[in-house]
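Asks: I would like the atomic coordinates for the input below:
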Amino acid sequence: MHPRPTGVQPESTQDLVRRIKDWGAALGFQQIGITDTALDVAESRLQEWLGAGCHGSMVYMERHGTKRSRPAQLVPGTLSVISARMDYLPEHLAELRGRLDDPAQAFVSRYALGRDYHKVLRRRLQHLAERIAAHIGPFGHRVFVDSAPVMEKPLAEKAGLGWIGKHTNLIHPRGGSWFFLGEIYTDLSLPIDQPITDHCGRCHACLDICPTGAIVAPYQLDARRCISYLTIEHQGPIPESLRPHLGNRIYGCDDCQLSCPWNRFARLSVEADFQARHGLDTATLIDLFSWDEAAFLDRTEGSAIRRIGHQRWLRNLAVALGNGAASHEAMTALGSRLQHPSELVREHVHWALRRLTTRPSTATEGMGAEDAPE
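Replies: Prediction:
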């Protein structure tokens, strides 16, 4: 962070905040909020979560120590955080549910259908920082979009962008939860916004709907059970006891958001970058399983999906095919990967074939305590 020259001050910090919010709206953000750097409560909860091992193999969550929860340690000189949210929902919820309910379709979490949100938000936030600098002169700042040890949701909650719901996602009372977050750490001392009161009340829809029981208690997520973790972050074999509950979800999971009553207020995104590419919103499992590595790299260029690589892509699809109908087409598709050079892929293909030929006629089995991940 480069320090702002002394003597360069806005005519009024309140006026500057008003301008920042207006500029943010012009850049396509649905809301801009300001907060300080105090995250004591969030830090304590993070340490408890890490201590319980709920982060699974995401060792990076503990690698940076308190830099994650103390912004001024990550970026010295940070006094205020500008937090921003941008809607990404690409289709009506009824259409989304219909695609999820079709076992032949491949379900990709809706945030990943279009252009990589990291790039979109980072560019917009950098433009916002440039607008601020043009108004007050150079100032110290750094832009973040899920790209460093930053506690995005606690910061956004403090900045008044919503409250952290029982599913651990941020919820806005007039915007639901289908939005991305980004931040600007700054050396400006700005007036802060007030948090929004938690309005989850007695609702427990997200806990009830979670396919793998990953929301183990209100406001507590065990990532080791979470489909988003299993299909994106987890690099090894997916625990067999959890595979049947992935259904046709091949990259992430939106069930907790779909069940949340506050999302009746969610708005469709107007951003072209967040619209589906390469028909990923309507593609079948068999179609996507046929992609070789070259096709995968070509069709996921500029997408968040590319980060999992072709092997995990096939791993996830094999599980989804094993959860679907035992059709000739599915068996043939799986059979075509029996000699795949990756042991990870082969093992999941063999599991899927065994499941299609031996499993009960019901689509899924019940999950008991014995299914807890190792």
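
Asks: Distance from the chain centre to the helix-or-strand element of the chain with minimal mean pLDDT, please.
Replies: Lowest on mean pLDDT, DSSP states H and E among the helices and strands of the chain sits helix 60-63, with a mean of 88. Chain-centre distance of helix 60-63: 17 Å, with C-alpha atoms, centre = their mean, to the nearest Å.

Asks: Tell me the first helix or strand C-terminal of it.
Replies: Downstream of helix 60-63, the first helix or strand assigned by DSSP states H and E is helix 71-74.

Asks: Distance-wise, check residue 215 relative to residue 167.
Replies: Between residue 215 and residue 167 the distance is 6 Å, computed by C-beta to C-beta, to the nearest Å. C-betas here are computed from N, CA, C, even on glycine.

Asks: Just the strands from the stretch 201-350 of the chain, written as ranges.
Replies: 215-217, 220-221, 249-251 (DSSP state E, counting those that start in this stretch).

Asks: among those, which is the most enclosed?
Replies: strand 249-251 (a mean of 27; mean count of other C-beta atoms under 10 Å).

Asks: So which elements touch that strand?
Replies: Here strand 249-251 touches strand 107-108, helix 309-322, going by 3 or more C-beta pairs under 8 Å, 6 or more residues apart in numbering; DSSP states H and E.

Asks: Compare these and report which one is nearest to residue 274.
Replies: strand 107-108 (12.6 Å; C-beta to C-beta).

Asks: who does that closest one pair up with?
Replies: strand 249-251 (parallel) (DSSP bridges).

Asks: Name the surrounding residues that touch the strand it pairs with.
Replies: By C-beta atoms under 8 Å, 6 or more residues apart in numbering, the residues outside strand 249-251 that reach it are 100, 106-109, 112, 211, 227, 231-232, 285, 288, 305, 308, 313, 316-317, 319-320.

Asks: now with 7 Å?
Replies: 106-109, 112, 227, 231-232, 305, 316-317, 320 (C-beta atoms under 7 Å, 6 or more residues apart in numbering).

Asks: Would you show me how to pick out the buried ones of those in ChimeraX?
Replies: Per 16 or more other C-beta atoms under 10 Å, the buried members of the contacts of strand 249-251 correspond to this ChimeraX selection:
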select :106,107,108,109,112,227,231,232,305,316,317,320
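
Asks: Now render the contacts of strand 249-251 as TSV, adding pLDDT and distance to residue 60.
Replies: Formatted as TSV, the contacts of strand 249-251 follow (pLDDT from 0 to 100; distance: C-beta to C-beta, whole Å):
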residue	pLDDT	distance to residue 60
106	98	28
107	98	27
108	98	24
109	98	20
112	98	20
227	98	20
231	98	18
232	98	13
305	97	20
316	98	21
317	98	26
320	98	27
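
Asks: Can I get the lengthiest helix in the chain as CSV, trimmed to CA atoms?
Replies: Scanning the chain for the helix with the most residues, using DSSP state H, yields helix 117-136. Provided in CSV are the C-alpha atoms of helix 117-136 (Å, rounded to 0.1, in the frame of the first residue of the first chain):
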residue,chain,number,x,y,z
TYR,A,117,-16.1,-13.4,-11.1
HIS,A,118,-12.6,-12.7,-9.6
LYS,A,119,-11.6,-10.9,-12.8
VAL,A,120,-14.9,-9.0,-13.2
LEU,A,121,-15.1,-7.6,-9.7
ARG,A,122,-11.4,-6.9,-9.4
ARG,A,123,-11.5,-4.8,-12.6
ARG,A,124,-14.5,-2.8,-11.4
LEU,A,125,-13.1,-2.3,-7.9
GLN,A,126,-9.8,-1.1,-9.4
HIS,A,127,-11.8,1.4,-11.5
LEU,A,128,-13.6,2.5,-8.3
ALA,A,129,-10.2,3.1,-6.6
GLU,A,130,-9.1,5.1,-9.6
ARG,A,131,-12.2,7.3,-9.4
ILE,A,132,-11.4,7.9,-5.7
ALA,A,133,-7.8,8.8,-6.5
ALA,A,134,-8.9,11.2,-9.3
HIS,A,135,-11.0,13.0,-6.7
ILE,A,136,-8.6,13.1,-3.7
